[in-house]
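# model this:
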Amino acid sequence: MTLTRRRLIAALALAAGGAHAQPAASNALPPELASLLPQARLRGEGRLRFFGLHIYDIRLWSPADRLAPHWAETPLALELVYARALQGRQIAARSMQEMSRQTPLDDSRAAAWEAELTRLFPDVSAGDRLTGVRQPGAPTRVFHNGQLRGEWQDPDLSRLFFGIWLAPQTSEPDLRRQLLGPEAGS
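Okay, the predicted model is just below:
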């Protein structure tokens, strides 16, 4: 097989999600969650594809046995493992688009939230992990590859942000079902 042909096959495999064909298999609690959600267990996982391209794998961690329909009042963490490079400002902008699906946002609040998310979300490369931790009554924390990036206090921002994946209004209902399981219809 020629070098050019091998490169073409490798590029096609990467574009189709090749090396990331399945979500991460480990059920081990990520180290950044050990002190924040020590009783958490893996509750669901899935993969986001956009026009066939693998964007990220996502895993839901929680100590709760049932999450839906009360996920917004439940301690939980969402761990995203990216399959490709994205800019932090792109992640923040897309997050704002997805949050606005749940409820109309006034311009000043949306601008403040987008600035906050842009500050917290770094540029990511394939294999990088972003983990968001939500605990009712506590700040929402964001980790990049296990290191704390920062936090926000606003409970509305937290509810809408995690609602990107967990709210009934999500743009990815199949992914929601993979995360929440059979109770996702609630």
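# tell me the pLDDT of the residue most central in space within the chain.
Closest to where the C-alpha atoms of the chain average out (CA atoms, centre = their mean) is L80, at 4.3 Å. At L80, the predicted lDDT confidence score is 98.
# now do the contacts for it.
Contacts for L80 were tallied using CB atoms under 8 Å, 6 or more residues apart in numbering; they are Y56, D57, I58, R129, L130, T131. No exception for glycine: its C-beta is placed from N, CA and C like everyone else's.
# list the beta-bridge partners for it.
Assessed by DSSP bridges, L80 has beta-bridge partners I58, L130.
# how close does it sit to Q135?
For L80, the distance to Q135 equals 18 Å [CB to CB, to the nearest Å].
# A138 - how many residues pack around it?
Residues lying near A138 (other CB atoms under 10 Å) number 14.
# separation between it and R101?
26 Å.
# for H144, same thing?
According to CB to CB, H144 stands 25 Å off from R101.
# these two: which is more packed in?
Set H144 next to R101 and count neighbours by other CB under 10 Å: H144 wins out with 19 against 13.
# ramachandran angles for that one?
Here is the backbone geometry of H144 (degrees, to the nearest 10): phi -120, psi 120.
# list the contacts for it?
Counting by CB under 8 Å, 6+ apart, the residues that H144 touches are P122, V124, D128, R129, L130.
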